[in-house]
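**Q** Using only what follows, build the 3D model:
(chains A and B)
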Amino acid sequence: MAEGVTPRVKVPKKADAGEVITIKTLISHPMESGQRKDSDGNVIPQSIINRFTCEFNGENVIDIKMEAAMSTNPYFEFDATVPEAGDFKFTWYDDDGSVYEEVKSVAVG
Amino acid sequence: MNFSRRETLGLGLGAMALTILPMGASAATVDELIAEFTGGADMADTGVTLTAPEIAENGNTVPISVEAEGASEIMVLATGNPTPPVGTFKFGPLAGSRSASTRIRLATTQEVVAIAKLEDGTFARTSAEIKVTIGGCGG
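**A** Purely as a prediction, here's the structure:
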């Protein structure tokens, strides 16, 4: 697991049923591109988060395939529909097999 | 487990194909990546929007957003990067809009391409020229 990976997600605590809300996510990760060299001239191997998904009560909102050209600390902003009260589940998949998860609840009414 | 001669040959061929394929993918050109995504279909010039700054001072983190009404997937390519693929956004049933924003790396001044796959099976393409002052791929 890459060091110090912390997901941060901004989701409104409340929404109306059927409302479209904006979600912002940020995860601290070096996203080593595989292009850089260390001080001895050796290529630093690629180590990135390659996939990000967001689900609401098990139903998919967005599924993003990420490549080395994503910036350090990958940031995403997107919209989601909230049909009922429930949980948003955010998942990041690291190249090294680690999976980082975050859950945010949204109340309706 | 016992393998016949035919099965063994088949396994060997499969293993060879597996080792060759990823190499081909990493060396894929922009045109090949587009062809792979669209299956060679024609692309409309309208229907997808790519918002990006005209001049990016720092190529390490260039804010972009993509939007395409009725898109099921949007692929972004940085044509001037050592590896052109940037990412593919797939929208699920609960996506509130067919748009997303992120930050990407650009090695140098170049054209960034966004291709949307629409739900009716057609494709739309757009591109933006971004001037980069400091490249974002390390030295």
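
**Q** what about the strands in chain B?
**A** Assigned by DSSP state E, chain B shows strands spanning B:43-44, B:49-51, B:55-58, B:62-67, B:71-78, B:85-91, B:95-104, B:110-118, B:123-134.

**Q** Which one of those lies nearest to A:Pro83?
**A** strand B:95-104 (10.8 Å; Cβ to Cβ). All C-beta spots, glycine's among them, are computed from the backbone N, C-alpha and C.

**Q** same for the closest one, what does it pack against?
**A** Secondary-structure packing of strand B:95-104 (3 or more Cβ pairs under 8 Å, 6 or more residues apart in numbering or on different chains; DSSP states H and E): strand A:19-27, strand A:59-66, strand A:75-82, strand B:62-67, strand B:71-78, strand B:85-91.

**Q** Can you lay out those strands as a markdown table showing mean pLDDT, distance to A:Val43 and mean neighbour count?
**A** What follows is the helices and strands packed on strand B:95-104, written out as a markdown table (pLDDT from 0 to 100; distance: least, Cβ to Cβ, whole Å; neighbours: other Cβ atoms under 10 Å in any protein chain shown):
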| stretch | mean pLDDT | distance to A:Val43 | mean neighbour count |
| --- | --- | --- | --- |
| strand A:19-27 | 95 | 24 | 17 |
| strand A:59-66 | 95 | 20 | 20 |
| strand A:75-82 | 95 | 26 | 21 |
| strand B:62-67 | 95 | 23 | 20 |
| strand B:71-78 | 94 | 20 | 23 |
| strand B:85-91 | 95 | 19 | 23 |
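
**Q** how about those in CSV, adding distance to A:Thr53?
**A** Formatted as CSV, these follow (distance: least, Cβ to Cβ, whole Å):
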stretch, distance to A:Thr53
strand A:19-27, 11
strand A:59-66, 5
strand A:75-82, 11
strand B:62-67, 17
strand B:71-78, 14
strand B:85-91, 9
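
**Q** Compare these and give me the one nearest B:Ser99.
**A** Evaluated over these, closeness to B:Ser99 peaks at strand B:62-67, with 3.7 Å, by Cβ to Cβ.

**Q** Just the residues contacting the closest one, thanks.
**A** Strand B:62-67 has contacts (Cβ atoms under 8 Å, 6 or more residues apart in numbering or on different chains) with A:71, A:77, B:48-53, B:56, B:74, B:76, B:89, B:97-106, B:112, B:114, B:116, B:130, B:132, B:136.

**Q** and the direction of it versus that of strand B:71-78, what angle?
**A** Angle, strand B:62-67 to strand B:71-78, by axes from the mean of the first three to the mean of the last three Cα atoms, to 10 degrees: 150 degrees.

**Q** how far out from the middle of the chain is strand B:62-67?
**A** In terms of Cα atoms, centre = their mean, to the nearest Å, the centre of strand B:62-67 is set 14 Å apart from its chain centre.

**Q** residues from chain A in reach of chain B?
**A** Proximity of chain A to chain B, by Cβ under 8 Å from any Cβ of the partner chain, involves residues A:20-22, A:33-37, A:55-56, A:59-72, A:74-81, A:83.

**Q** pLDDT-wise, which helix or strand of chain B ranks last?
**A** Within chain B, no helix or strand scores below helix B:5-26, which has a mean of 56 by mean pLDDT, DSSP states H and E.

**Q** you'd agree B:Arg98 is up against B:Ala71?
**A** Yes - counting by Cβ atoms under 8 Å, B:Arg98 does reach B:Ala71; the two are 4.5 Å apart.

**Q** Who are the contact partners of the residue nearest to B:Gly87 when sequence neighbours are not counted?
**A** In this structure, B:Gly87 finds its nearest non-sequential neighbour in A:Met66, 4.9 Å apart by Cβ to Cβ, 6 or more residues apart in numbering or on different chains. By Cβ under 8 Å, 6+ apart, the contact set of A:Met66 is A:48-52, A:74, B:87.

**Q** Then A:Ser47?
**A** For A:Ser47, the contacting residues are A:2, A:30-32, A:34, A:94-96, by Cβ under 8 Å, 6+ apart.
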